[in-house]
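Colleague: Turn this into a structure:
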Amino acid sequence: MKKILLFLLVAFGGFANAQYVVNYKKVADTYFENKDYYAASTFYKKALKITGDSTQAILPYGKERKVASDDKVIEDYEGSIYNLAESSRLYREFNEAEKYYAIAITFTNTRFRKALYYYAESLRANKKFNLAIDAFQQFIEKNPGDALAKEAQKEIESCKFAIEEMRFPRIVQVKKVPGNVNGLGSNYAPVKINNELYFTSSRPVAVGNKKDMVKTDAGEIQVSTKTNPFINNIYAAKGELASDDIAVRKVDINFPKNMEIAAVTFTPDGNTMYFTAWKDKEKYAIYSSKKTGDKWADPQPLGLQVNSRDFNSSQPFVTSDGKFLLFSSDRSGGYGKFDLWYCTLREDGSLGQAVNFGSAINTGDDERAPYYNSLTKKLLFSTDGRIGFGGLDFFESEGDLVNWSEPKNLGYPFNSSKDDLYFTATDDKGTKGYISSDRESSCCLEVFEVKKEYLSIAGLLTDCKTKLPLAGTNVTLTNAEGSQKITTGNDGIYSFKVDSKRPVKLLFAKDNYFSITKNYIYEELAKADTLIYKDYCLSPFKLGIPITLDNVYYEFNSTELTEPSKKVLDFLIPIMEDNPEMEIELGSHTDNIGTDEYNLDLSNRRAKSCTDYLESKGVAAARMTSKGYGESMPIAPNEIIVKRKKKDNPEGRAKNRRTEFKVTKK
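Modeller: This next block holds a predicted model:
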């Protein structure tokens, strides 16, 4: 990193000793103050490179500035570098921003202390998560009391989250829509209705040969400042979006002069549209327009339930059942900046009072662009107020507009390290649709097609004894995203869908059966395409009824377990692990060779050797008891009568020399 900084400083080091190009700096500063960051960055680069003819630069927006004195050259240099970095960041060109913040973080003037934070933010946006973590930590150490320190800590957690998420991508296809839809400027907020895609675009609006001229001082040349302005408007495309030459038309609505519009949504019948509208230096508001025939009526602002001069309301969404209007607003009564709100949408088009989605959804930061599926009861929205990849991320929550589950990040590649928002579905279940993202752009949102896919994990569950399908078994799948639970039916089939190939654990549990756990590691899941199908069985038991462990042997006249016997006892270890509340008794029995006292003592010691072995393998001693029964409970005759004479029965005695376990607590 030090070598890179040195190279950049050397590259710009001649600036302080060169003749400063004042006009470029003045032009850049004026663009910067007017938030025209792309133009500002262009002229800061011209000033810093000392190229071109200064007589060709004039002040935009008609503002004049004082010439910088020679003793302020260094200050102007550092200010230009910092503002160049700021301009690049603010028009979302993070590769450029990273490069210039890397220089700005070497400046000692406290005016530029935030450069380190924004340098880290640029690294994060450029997917350099480990470097970003280091830079954020440095910012916290240098600025412990700064308001951004808290944000830096959240960014560190987001970087760690992103590193982990990108190890296990979600099974989703993300493909940029080709052709004329993603033209110049921003293209976003797509919605499909009646086989036509409506979207917002800020593509340049041609104004013919007319030029917006700025008068300059004598001797300077007149130039145009804005010939083709970038104005947000609603466009539509009909046909196959994969076509590069698909026709795109501007939607014909009679808007007031100088008004920009964005983020359209429709009622289910397609005859009423709602959208965001605003003028320069005015608040965002939501308007509606009704369709008669092929024409849209003049747009009308919604009432005070939604709009006000005191706050912004934007990004409306009408639910698929037509009953609710959702939107984002910074109105009073919220939890932070922009919150999600909803209104009842009555049959006559009137609106109920706005209701906040509540703290389960809203944070102290921004919540944007809601989408709600009335069929699946799932809400998708974007926020920068939760741990994610950075910027705006998609989150999903399930609920009924009153009660909500904890929102979950939709992971990578649904989300990226830049801004992701405006999901709209093209099927009933919300598995296919469009999103808007600047992930592949140096400045602007673009439209992407998304398709969620799943890996199915399924199989047949049976009774190990009867081999018949086992109904009524609770099957739980758990992975990093949470848990899913089903109960098998009469067919014994279990089936789950997962949207990533993270490691998975399956737990099968039923009363009076030993539970089992099965783990699927990443390598096994990664080899699968769309389905993993495996059959399992559960073994029945009854509380207090002993089960013989076959082939548990000891050295002659000894309590020491043979090596093959240890392998038999290993059978109990997963049972104990999979049934953590279960307690067992290990019982040992002998034949009738020897005295009763000797056999009882021997069996006690042998039973204890079994529990000792299991304890050495990690089974808690408190969950096991050992008991010797000696020769008191034979299961076969030690002797048999042959021709009225007692005769030794080796086979029977072998059966009596046994080890059993029974469940004493489930």
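
Colleague: neighbours around residue 566, how many?
Modeller: 15 (other C-beta atoms under 10 Å). All C-beta spots, glycine's among them, are computed from the backbone N, C-alpha and C.

Colleague: Could you number the chain from 53 rather than 1 from now on?
Modeller: Renumbered: residue one is now 53, and that last one reads residue 618.

Colleague: Outline the domain layout of the chain.
Modeller: The chain breaks down into these domains under automatic domain parsing: 54-219, 224-260+280-504, 507-590, 599-717.

Colleague: Which helix or strand in the protein has the lowest average pLDDT?
Modeller: Lowest by mean pLDDT, DSSP states H and E among the helices and strands of the chain is helix 54-65, with a mean of 37.

Colleague: The helix or strand that it is followed by packs against which elements?
Modeller: For helix 54-65, the following helix or strand on the C-terminal side (DSSP states H and E) is helix 74-85. For helix 74-85, the packing partners by 3 or more C-beta pairs under 8 Å, 6 or more residues apart in numbering; DSSP states H and E come out as helix 89-101, helix 125-142.

Colleague: got those helices as TSV, with mean pLDDT and mean neighbour count columns?
Modeller: Shown next, in TSV, are these (pLDDT from 0 to 100; neighbours: other C-beta atoms under 10 Å):
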stretch	mean pLDDT	mean neighbour count
helix 89-101	84	22
helix 125-142	88	22
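
Colleague: What are the phi and psi values at residue 207?
Modeller: Main-chain dihedrals, residue 207, degrees, to the nearest 10: phi -60, psi -40.

Colleague: before we move on, the earlier item: in a markdown table, list the helices and strands packed on helix 74-85 along with distance to residue 184.
Modeller: Shown next, in a markdown table, are these (distance: least, C-beta to C-beta, whole Å):
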| stretch | distance to residue 184 |
| --- | --- |
| helix 89-101 | 22 |
| helix 125-142 | 14 |
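
Colleague: do you know which of these lies nearest residue 162?
Modeller: Across these, residue 162 has its closest neighbour in helix 125-142 (11.7 Å, C-beta to C-beta).

Colleague: So the residue nearest to residue 327 when sequence neighbours are not counted: helix, strand or coil?
Modeller: Excluding the flanking residues, the one nearest residue 327 by C-beta to C-beta, 6 or more residues apart in numbering is residue 316, at 4.4 Å. Three-state call for residue 316 (DSSP: H, G, I helix; E, B strand; the rest coil): strand.

Colleague: Next, count neighbours for residue 316.
Modeller: Residue 316: 23 neighbours (other C-beta under 10 Å).

Colleague: Just want to check the distance between it and residue 242.
Modeller: The gap separating residue 316 from residue 242 is 9 Å, by C-beta to C-beta, to the nearest Å.

Colleague: joint contacts of the two?
Modeller: residue 250 (C-beta atoms under 8 Å, 6 or more residues apart in numbering).

Colleague: show me what contacts residue 530?
Modeller: 556-557, 559.

Colleague: hmm, I was thinking of residue 343
Modeller: Here residue 343 is in contact with 322-325, 349 (C-beta under 8 Å, 6+ apart).

Colleague: And residue 514, by the same measure?
Modeller: Counted by C-beta under 8 Å, 6+ apart, residue 514 has contacts 520-522, 544, 587-590.

Colleague: Would you mind giving those as a markdown table with pLDDT, secondary structure and neighbour count added?
Modeller: A markdown table is the format used below for the contacts of residue 514 (pLDDT from 0 to 100; DSSP: H, G, I helix; E, B strand; the rest coil; neighbours: other C-beta atoms under 10 Å):
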| residue | pLDDT | secondary structure | neighbour count |
| --- | --- | --- | --- |
| 520 | 97 | coil | 10 |
| 521 | 97 | strand | 16 |
| 522 | 97 | coil | 24 |
| 544 | 97 | coil | 20 |
| 587 | 97 | coil | 12 |
| 588 | 97 | strand | 18 |
| 589 | 96 | strand | 18 |
| 590 | 96 | strand | 20 |
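
Colleague: Taking the residues you listed together, which two end up most distant?
Modeller: Longest span within the contacts of residue 514, C-beta to C-beta: 520 and 588, 13.6 Å.

Colleague: count of residues packed around the residue lying closest to residue 131 once chain neighbours are set aside?
Modeller: Distances taken as C-beta to C-beta, 6+ apart place residue 163 nearest to residue 131, at 8.0 Å, with adjacent residues excluded. For residue 163, the neighbour count with other C-beta under 10 Å is 12.

Colleague: Retrieve the pLDDT associated with residue 163.
Modeller: Reported pLDDT at residue 163 in the predicted model: 92.

Colleague: three-state assignment of it?
Modeller: Note that with three-state DSSP, the state of residue 163 is helix.

Colleague: So residue 633 versus residue 676, what's the distance?
Modeller: 13 Å.

Colleague: When those two are compared, which one has more neighbours?
Modeller: residue 676 (22 against 8).

Colleague: quick one: contacts for the more buried one?
Modeller: For residue 676, the contact set (C-beta under 8 Å, 6+ apart) comprises 635-638, 663, 666-667.

Colleague: Which among those residues count as buried?
Modeller: 636-638, 663, 666 (16 or more other C-beta atoms under 10 Å).

Colleague: and those, which two are the farthest apart?
Modeller: 637 and 666 (12.0 Å).

Colleague: Can you show me the helices along the stretch 453-602 of the chain?
Modeller: 574-579 (DSSP state H, counting those that start in this stretch).

Colleague: could you pull out the strands for it?
Modeller: Secondary structure of the stretch 453-602 of the chain, counting by DSSP state E, counting those that start in this stretch: strands at 460-461, 472-477, 484-489, 498-504, 507-515, 526-531, 534-539, 545-550, 556-561, 568-572, 583-585, 588-590, 599-601.

Colleague: can you pull out the strands in the stretch 153-302 of the chain?
Modeller: Using DSSP E, counting those that start in this stretch, strands in the stretch 153-302 of the chain cover 224-228, 239-245, 248-253, 285-290, 300-302.

Colleague: Can you lay out the contacts of residue 530 as JSON lines showing distance to residue 377 and neighbour count?
Modeller: Formatted as JSON lines, the contacts of residue 530 follow (distance: C-beta to C-beta, whole Å; neighbours: other C-beta atoms under 10 Å):
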{"residue": "556", "distance to residue 377": "39", "neighbour count": "23"}
{"residue": "557", "distance to residue 377": "42", "neighbour count": "13"}
{"residue": "559", "distance to residue 377": "43", "neighbour count": "16"}
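
Colleague: Which elements pack onto the host helix or strand of residue 639?
Modeller: Using DSSP H and E, the element containing residue 639 is strand 635-641. Where contact means 3+ C-beta pairs under 8 Å, 6+ apart, strand 635-641 is packed against helix 648-668, strand 676-682, strand 711-717.

Colleague: which one of those lies closest to residue 288?
Modeller: strand 711-717 (68.0 Å).

Colleague: Could you figure out how far the closest one is turned away from helix 648-668?
Modeller: For strand 711-717 against helix 648-668, the angle by axes from the mean of the first three to the mean of the last three C-alpha atoms, to 10 degrees is 60 degrees.

Colleague: So what touches strand 711-717?
Modeller: Applying C-beta under 8 Å, 6+ apart, the set of residues contacting strand 711-717 from outside is 593-601, 604, 624, 633-641, 658-659, 662, 677.

Colleague: shaky segments in the stretch 453-602 of the chain?
Modeller: Along the stretch 453-602 of the chain, no part satisfies pLDDT under 70.

Colleague: no, scratch that, I was asking about the chain
Modeller: 53-74, 101-126, 258-281, 294-296, 606-609.

Colleague: where's the nearest residue to residue 572 once chain neighbours are set aside relative to residue 615, distance?
Modeller: Leaving aside its chain neighbours, residue 572 sits nearest to residue 556 (4.4 Å; criterion: C-beta to C-beta, 6+ apart). For residue 556, the distance to residue 615 equals 34 Å [C-beta to C-beta].
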